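Q: Kindly generate the corresponding structure for this input.
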Amino acid sequence: MDATSDAPRSPSDDEAPEAGPRVQIVCWTPSGEGRTEDVAALAAMVADPAARIWVDLVDPPSEVIAAVANDLGLHQLIVEDIDEKNQRAKIVEFEDVIHVVVFDLDYQGEVHPSEIDLVLGRRFLLSVHQPDRNLAERIASRNGAGALLAKGTDFLLYTILDHVVDGYFPVMDRLADEIDALQDQVVESPTEWTLQKLFVLKRELLEIRRATSPAREVLNQSTNRDLPVIAPEHIVYFRDVYDHLIRVTDELDNYRDLVAGTLDIYLSTINNNLSRIMKRLTGVTVILAGIGAAAGIFGMSEAGAALSDSEAPGFWLVTAFVVLSAVLAAVVLRRIDWI
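A: A predicted model of the protein is given here:
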């Protein structure tokens, strides 16, 4: 087996994934496990009938995809779909090879889906993804790729799918916390920012739905169809992932209803606040309109004469009556919470 014995260094938990294209090839045989980053060594590995191979490509250029596909004997349509990098979650069967597309989710203030292409054959698994996802590090945390390949390439596929689906739950928990906080804010002090955040959440839930809903069909077909590349004894594992995915989609529907309900509460709160403001403006108008009406009837020309003591006391009586009426109206309106 033409492979180097030293595994490439994986970034630590506090380090960001390395940028740029990367290649990692893991080859398992009954005699041992080898790793290499040299695509030229893949042909010799494939020639060994006892070998089980995992090829992990990170943001590969088109020529690397074509070279790997040629060594693995992949259909040209698979190569085009991988190179296009703009697929939906799906499962497609090409003779004795299946092409699975799933989306991994990450949450950093907003939901960021990332496409992962997985091509499963009887003796190989090809994975293609972006640099922001590190499948090699994830698989290393689950007993290593070699131990998984010893059980079969389909078992390695199950492990990757299981890890991807399990990663949906922390994202859903973060969204649930945001929805709870927004519900409290809507009831206490809704602002325009609250409305904007509600629309952002609706968009994020739609993004998650686009990623998870088709994935249900992927897992459903992998468990109910007779696929030659998936061993019958391993179907139960794929069914377990399918059950987890159903939980995710059920929670997603609940969160969409909560966001829609929160938006309704926001609109109702805004309408209630507007009605309260209109009531207070109406109360102020009642007071000012009464004063204005009295002033219009008796005329402001009487004020000058009254202030120079050449006007009868009737002006002051009318003025006192108007002021007392305004104060009484203010008291009444205050008691009924109109001002």
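Q: how about the strands in this structure?
A: Along the chain, the segments classed as strands by DSSP state E run 22-29, 32-36, 52-58, 90-94, 97-107, 111-120, 124-129.
Q: Including mean pLDDT, distance to Asn272 and mean neighbour count, could those strands go into a markdown table?
A: No exception for glycine: its C-beta is placed from N, CA and C like everyone else's. What follows is those, written out as a markdown table (pLDDT from 0 to 100; distance: least, Cβ to Cβ, whole Å; neighbours: other Cβ atoms under 10 Å):
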| stretch | mean pLDDT | distance to Asn272 | mean neighbour count |
| --- | --- | --- | --- |
| strand 22-29 | 89 | 56 | 22 |
| strand 32-36 | 86 | 65 | 18 |
| strand 52-58 | 91 | 53 | 24 |
| strand 90-94 | 86 | 47 | 16 |
| strand 97-107 | 89 | 33 | 21 |
| strand 111-120 | 89 | 32 | 21 |
| strand 124-129 | 92 | 49 | 25 |
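Q: For Glu204, find the nearest of the ones you listed.
A: With distances scored as Cβ to Cβ, the stretch of the strands of the chain nearest to Glu204 is strand 111-120 (4.3 Å).
Q: Where is the longest helix in this structure?
A: helix 235-298 (DSSP state H).
Q: Spatially nearest residue to the residue nearest to the spatial centre of the chain, not counting backbone neighbours?
A: Among the residues of the chain, the one closest to the centroid is Val111, at 3.4 Å (Cα atoms, centre = their mean). Excluding the flanking residues, the one nearest Val111 by Cβ to Cβ, 6 or more residues apart in numbering is Glu204, at 4.3 Å.
Q: Verify the contact between the one you found and Glu110 for me.
A: Yes: between Glu204 and Glu110 there is a contact under Cβ atoms under 8 Å: 6.2 Å.
Q: Could I get the full set of helices for the stretch 101-250 of the chain?
A: 135-140, 144-151, 153-166, 168-188, 192-224, 235-298 (DSSP state H, counting those that start in this stretch).
Q: Select, out of these, the one closest to Asp48.
A: Set against Asp48 and scored by Cβ to Cβ, the helices of the stretch 101-250 of the chain come closest in helix 144-151, at 12.9 Å.
Q: Need the contact partners of the closest one.
A: Here helix 144-151 makes contact (Cβ atoms under 8 Å, 6 or more residues apart in numbering) with 26, 28, 33, 52-54, 136, 139, 142, 155-156, 159, 234.
Q: Just put these in JSON lines and tack on distance to Met172.
A: What follows is the contacts of helix 144-151, written out as JSON lines (distance: Cβ to Cβ, whole Å):
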{"residue": "Val26", "distance to Met172": "31"}
{"residue": "Trp28", "distance to Met172": "35"}
{"residue": "Glu33", "distance to Met172": "36"}
{"residue": "Arg52", "distance to Met172": "34"}
{"residue": "Ile53", "distance to Met172": "34"}
{"residue": "Trp54", "distance to Met172": "29"}
{"residue": "Ala136", "distance to Met172": "26"}
{"residue": "Ile139", "distance to Met172": "23"}
{"residue": "Arg142", "distance to Met172": "22"}
{"residue": "Phe155", "distance to Met172": "26"}
{"residue": "Leu156", "distance to Met172": "26"}
{"residue": "Thr159", "distance to Met172": "21"}
{"residue": "His234", "distance to Met172": "27"}
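Q: so what's Leu227 up against?
A: Under the criterion of Cβ under 8 Å, 6+ apart, the neighbours of Leu227 are 93, 98, 221.
Q: ditto for Thr262
A: 179, 182-183, 186, 198.
Q: excluding its backbone neighbours, what's nearest it?
A: Gln183 (5.2 Å).
Q: residue ranges with poor pLDDT in the stretch 51-200 of the chain?
A: Applying pLDDT under 70 to the stretch 51-200 of the chain flags residues 140-143.
Q: ok, so of the contacts of helix 144-151, who is nearest Val68?
A: Using Cβ to Cβ, the contacts of helix 144-151 come closest to Val68 at Ile53, 10.3 Å.
Q: Pretty sure Gln24 is one of the things the closest one touches, is it not?
A: No: under the criterion of Cβ under 8 Å, Ile53 is not in contact with Gln24, lying 11.2 Å apart.
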